[in-house]
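Student: Need the 3D shape of this:
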Amino acid sequence: MLASYLLTTITAFASCISAACTTAERLTDLSSVIFAYNQDAAGATAEAFKKVPFGAPDINGVGLITIFANGAPVGVPAALTGNGGYAFGVASRQLFSSVTGMGFVDFPANGTSALQTNVTLGVRSEVPVPVTFFATVYLDHAANCRLPSIRAIATIPTEVVGLVIHPPGLPNAFKE
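Tutor: Predicted coordinates for the structure are as follows:
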């Protein structure tokens, strides 16, 4: 009886709140990530990442960032909390000279949004390294529009010295 009551209460609570996170808000979060990665002024990246709602129910909560490279069936965790997500964003920005954002998509049925990006390595925007990788990044939004999970499916690298390459994926034996 108590379990049934709790399940009904939680479901009702979640369904009421889920309407609060709109498509516009989810797409704004995608734009905010790209904006933060492209700041050049000292301190601007850290300030811009403060506007990305890492972690749920708040920045001290769960905020998993996982990177899946070249078809790997298991991702590499980059952050476990919202604070860790913020720190990962600020730190990884130092290694990227350029981050594009395109193909923004919202999936309102499950509260996920996605973008495609090309990331060029380098020291901030000042010293580009001619190596680029492509990724599709999925942001899972909680009912309050916070981000408990971000997944990047990356192909590393996709371009070296301006030449498009096709890196090998994992052999099929490792995918099963």
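
Student: Show me the longest strand that occurs in the chain.
Tutor: Across the chain, the longest stretch assigned as strand under DSSP state E is strand 127-140.

Student: list the helices and strands the next helix or strand after that strand packs on?
Tutor: For strand 127-140, the succeeding helix or strand toward the C-terminus, using DSSP states H and E, is strand 149-160. Judged by 3 or more CB pairs under 8 Å, 6 or more residues apart in numbering; DSSP states H and E, strand 149-160 is in contact with strand 62-69, strand 127-140. Backbone N, C-alpha and C define where each C-beta goes, glycine included.

Student: Go through the helix or strand that the shortest one is followed by and flag the buried ones.
Tutor: Going down the chain from strand 62-69, the next helix or strand is strand 76-81, by DSSP H and E. For strand 76-81, the buried set under the neighbour-count rule, 16 or more other CB atoms under 10 Å, comprises Ala78, Ala79, Thr81.

Student: Pretty sure the first one sits against Phe88.
Tutor: Yes: in this structure, Ala78 is within contact of Phe88 by CB atoms under 8 Å, at 4.9 Å.

Student: what do the two both touch?
Tutor: Ile65 (CB atoms under 8 Å, 6 or more residues apart in numbering).

Student: Can you name the residues that contact Tyr138?
Tutor: Neighbours of Tyr138 in contact, by CB under 8 Å, 6+ apart: Thr112, Ser113, Ala114, Ile150, Arg151, Ala152, Ile153.

Student: what's in contact with stretch 101-108?
Tutor: 23, 26-27, 30-31, 33-34, 112-117.

Student: just how off-centre is that stretch within its chain?
Tutor: Relative to its chain's centre, stretch 101-108 lies at 12 Å (CA atoms, centre = their mean, to the nearest Å).
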